[in-house]
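Trainee: have a look; sequence and predicted model below, questions after that.
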Amino acid sequence: LVLTPLTVSDLPTICDQLLKHKDMEARVQAARALGQLKTEKTKVVPLLKDLCKAGTDKPLCLAAMGSLSLFGPDAEPALDMLIEGIKSKDPEVRQAASFAVGRMGAKAKAAIPALTAALKETEKGGRDTIIVALGEIGPDAKEAASTLGKLLVEEKEGGGRLQIISTLGKLGSGARAAVP
């Protein structure tokens, strides 16, 4: 079996056959494959966004979010859906959404309030992706600085502290709010 990279000519097959397949694993693999079609972002990003609508199976939504992360800033049309994912009580969904948002960089600044709220609600082990996402958004995420500062005081592990410090560094002068 020889696997070749997907092309735009594969899009109808993926959409019509694989995404509607009765087998969940086939649908998940199709969602992952869509991440390879970055040149077709105007068609693929909305399709991936639709895969995470309410009632969607979790594995399919996680695969779609993973593919969206590959589009970086070009995934901006899915930002509203990803913000809802950040607000999810499900830690896997929250992490996948936060990762995809972080890959968008500064284009994801609308997600800052949701990311900041998630920092306050998420258990220690689940915060890393959220903290990284805030750093990737950059100086626009300065409103999270005071929350990050509180976490820095609470954090006892070196790796967690370093991640918070790194993110605060990416906030530039906006990080001053982290200092009491």
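Mentor: Noted; the coordinates are in hand. Fair warning: this is a prediction, and the values are worked out from it, not measured in the lab. Residues are numbered from 1 along each chain as shown.

Trainee: what is the subsequent helix or strand relative to the helix or strand of the chain with the lowest mean pLDDT?
Mentor: Using mean pLDDT, DSSP states H and E, helix 11-13 stands out as the lowest-scoring helix or strand of the chain, at a mean of 68. Once helix 11-13 ends, the next helix or strand along the chain (criterion: DSSP states H and E) is helix 24-34.

Trainee: what packs against that following helix?
Mentor: helix 41-50, helix 58-69 (3 or more Cβ pairs under 8 Å, 6 or more residues apart in numbering; DSSP states H and E). Any C-beta I mention is one placed from the backbone N, CA and C, and that applies to glycine too.

Trainee: what about 6 Å?
Mentor: With contacts defined as 3 or more Cβ pairs under 6 Å, 6 or more residues apart in numbering; DSSP states H and E, the packing partners of helix 24-34 are helix 58-69.

Trainee: list the contacts of the nearest residue to Ala63 once chain neighbours are set aside.
Mentor: If the residues on either side of it in the chain are set aside, Ala63 comes closest to Ala31, at 3.8 Å by Cβ to Cβ, 6 or more residues apart in numbering. If a contact means Cβ atoms under 6 Å, 6 or more residues apart in numbering, then Ala31 has 51, 60, 63-64, 67 as its contacts.

Trainee: check which element follows the host helix or strand of Glu92 along the chain.
Mentor: Glu92 is located in helix 91-104, with elements delineated by DSSP H and E. Taking DSSP H and E as the definition, the helix or strand that follows helix 91-104 towards the C-terminus is helix 112-121.

Trainee: packing partners for that following helix?
Mentor: Partner elements for helix 112-121 (3+ Cβ pairs under 6 Å, 6+ apart): helix 79-86, helix 128-137.

Trainee: pick the most buried one from these.
Mentor: Between the helices and strands packed on helix 112-121, the one whose residues have the most neighbours on average, counting mean count of other Cβ atoms under 10 Å, is helix 128-137 (a mean of 24).
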